[in-house]
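In: heads up, no residue letters with this:
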């Protein structure tokens, strides 16, 4: 590192980084008794001079070491804020320097802990432990060190300093979650077990506290991530109705119940829950989402747009209503009022949409897909055509992108038919007949027919046939639909 710093091609910023890293390494070696302690001291003096650092000596007691470490923690937070306001080029260099400072800060805190004696303040000792856990968490490659240290404080010292204990419990959860996110799949169960234990501990010891509600939300997100939406909904529903996070929790719970229904309804018959249980999931999702969306929108000022989470819940509610055949209610949410989804997704500059959120191309496309589905259910040919045209404007990639969209729409219908068929829902015939009649009317109309319209008709007929041909479906009807698909393709 010293040689790299002296290289003629090394920039001034890089030289400073190399020297600081070399100094940190020398200081670490100097802390331990070995044959290298003396040489390390000489290197520290030389590097300190090169970096123009005033030599203050190593602290000899806990109080002095803790005070010095606290200053380093303050410096670490200040550097964090500076990075947030810096340019992209500045951030890369500042991040490198901050990483070295974090490691120096961790060493300073560890030194303070080694100097602690029973005469020193136990509260300060736990603050030092907490700060070390916080620095470990920031380092990201010490997630479990952070989690174990924070958990130790939370579990053993609640009666000494309740605030630090609560902060430590929340930090332990965050650290276990960080470790879980980067752990191999076969090691994640242990992280999940610790997350659950810490979450339940916070809820039990600090009921009603915001941190308690945050713990429930985190556990809900965890179960959503591991594809257990029903379990996620249970945790979201435990957030009390007086909590500031209640509405967000209810929106998330409704989405979780809907995801649970959608994922379990298409399972093989032997693995699928009983039909009444599935219907109860869907009904619960509808009730929770409808109530949560109404309450959330009522809290917004006139002219204030919906949040992304409200609109996501609203779109899920539309999907539920379309799936159950209540097309008019779905259209009311899509097109009626100042907060309709079609108004929410509208953009003053359609060619420059954000990558995420309500105004994104993806969310707008999903909205108009549901509008198309509802208009087909209502046998409203003109508005269905208008929705298809809107979808065409939202697709990128020319003819190839459009073809992919139309196939996707067909597969969406195919999945719906299969879901109804597998759950022995009597509406399967009604849905198939509704689409068939609509497509027949559309095919007979020569005005407005173009490549997009005819291709969509063909793809949709084919999807209906695919949905019916397997799993004990109506084979003769499937062949009839495939024949009509071929007619539409020929008309192109």
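Out: Sure thing, it's come through. Since the structure is predicted, the reported quantities are computational estimates derived from the model, not experimental observations.

In: residue contacts, the residue nearest to residue 324 when sequence neighbours are not counted?
Out: For residue 324, ignoring the flanking residues on the chain, the nearest one in space by Cβ to Cβ, 6 or more residues apart in numbering is residue 282 at 7.1 Å. Using the backbone N, CA and C atoms, a C-beta is placed for each residue, glycine as well. Listed by Cβ atoms under 8 Å, 6 or more residues apart in numbering, the contact set of residue 282 reads 257, 258, 261, 320, 323, 324.

In: Save those as JSON lines, and put in distance to residue 145, neighbour count and secondary structure too.
Out: Shown next, in JSON lines, are these (distance: Cβ to Cβ, whole Å; neighbours: other Cβ atoms under 10 Å; DSSP: H, G, I helix; E, B strand; the rest coil):
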{"residue": "257", "distance to residue 145": "38", "neighbour count": "29", "secondary structure": "helix"}
{"residue": "258", "distance to residue 145": "39", "neighbour count": "25", "secondary structure": "helix"}
{"residue": "261", "distance to residue 145": "41", "neighbour count": "26", "secondary structure": "helix"}
{"residue": "320", "distance to residue 145": "45", "neighbour count": "23", "secondary structure": "helix"}
{"residue": "323", "distance to residue 145": "48", "neighbour count": "22", "secondary structure": "helix"}
{"residue": "324", "distance to residue 145": "50", "neighbour count": "16", "secondary structure": "coil"}
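
In: Could you identify the longest helix within the protein?
Out: helix 88-114 (DSSP state H).

In: Past that one, which element shows up next along the chain?
Out: helix 122-139 (DSSP states H and E).

In: the inter-axis angle of that following helix versus helix 88-114?
Out: 150 degrees (axes from the mean of the first three to the mean of the last three Cα atoms, to 10 degrees).

In: list the helices and strands helix 122-139 packs on?
Out: If you count contacts as 3 or more Cβ pairs under 8 Å, 6 or more residues apart in numbering; DSSP states H and E, helix 122-139 packs onto helix 62-85, helix 88-114, helix 143-156, helix 162-182.

In: Identify all contacting residues around it.
Out: 62-63, 66, 69-70, 73, 76, 99, 102-103, 105-106, 109-110, 112-113, 116, 142-143, 145-147, 149-150, 152-153, 157, 160-161, 164, 167-168, 171-172, 174-175, 178.

In: quick check: angle from that helix to helix 62-85?
Out: If you take the same axes, to 10 degrees, helix 122-139 sits at 30 degrees to helix 62-85.

In: List the buried residues of helix 122-139.
Out: 124-139 (16 or more other Cβ atoms under 10 Å).

In: Report the two of those separated the most.
Out: Greatest spatial distance among the buried residues of helix 122-139 (Cβ to Cβ): 124 and 139, at 22.5 Å.

In: for the stretch 51-200 of the chain, what are the low-confidence residue spans?
Out: Across the stretch 51-200 of the chain, the ranges flagged by pLDDT under 70 are 51-58.

In: if you set the cut-off to 90 instead, what comes out?
Out: Across the stretch 51-200 of the chain, the ranges flagged by pLDDT under 90 are 51-61, 63-101, 104-105, 107-108, 111, 158-161, 181-188.

In: what's the neighbour count on residue 489?
Out: 15 (other Cβ atoms under 10 Å).

In: Looks like it contacts residue 459 (just checking).
Out: No - look at residue 489 against residue 459 with Cβ atoms under 8 Å: they stay out of range, at 9.1 Å.

In: shared neighbours, these two?
Out: Common neighbours of residue 489 and residue 459 (Cβ under 8 Å, 6+ apart) do not exist.

In: Buried residues of the longest helix of the chain, list them for me.
Out: Those would be 93-94, 97-98, 101-113, for helix 88-114 by 16+ other Cβ under 10 Å.

In: With stretch 188-207 instead?
Out: Judged by neighbour count (16+ other Cβ under 10 Å), stretch 188-207 contains these buried residues: 188, 191-192, 194-196, 198-199, 201-203, 205-206.

In: cool, stretch 282-298 as well?
Out: Using 16+ other Cβ under 10 Å as the test for burial, stretch 282-298 gives 282, 284, 285, 286, 288, 289, 290, 292, 293, 296, 297.

In: now do stretch 136-152
Out: 136-139, 142-147, 149-151.

In: now do stretch 366-381
Out: The neighbour-count check on stretch 366-381 (16+ other Cβ under 10 Å) flags 366-378, 380 as buried.

In: what's the closest of these to residue 39?
Out: residue 366 (65.3 Å).

In: surely the closest one meets residue 315?
Out: Yes - counting by Cβ under 8 Å, residue 366 touches residue 315, with 6.2 Å between them.

In: list the residues that contact both of the two?
Out: In contact with both residue 366 and residue 315: no residue, using Cβ under 8 Å, 6+ apart.

In: coming back round to it: show the pLDDT at the residue nearest to residue 324.
Out: For residue 282, the pLDDT comes out at 86.

In: Let's verify residue 263: helix, strand, or coil?
Out: helix (DSSP: H, G, I helix; E, B strand; the rest coil).

In: Could you report the neighbour count for it?
Out: Neighbours of residue 263 using other Cβ under 10 Å come to 13.

In: can you count the residues close to residue 354?
Out: Around residue 354 there are 11 residues (other Cβ under 10 Å).

In: That one: which element?
Out: Counting by DSSP H and E, residue 354 is found in no helix or strand.

In: if I look at it, how far off is residue 361?
Out: Using Cβ to Cβ, to the nearest Å, residue 354 is found at 9 Å from residue 361.
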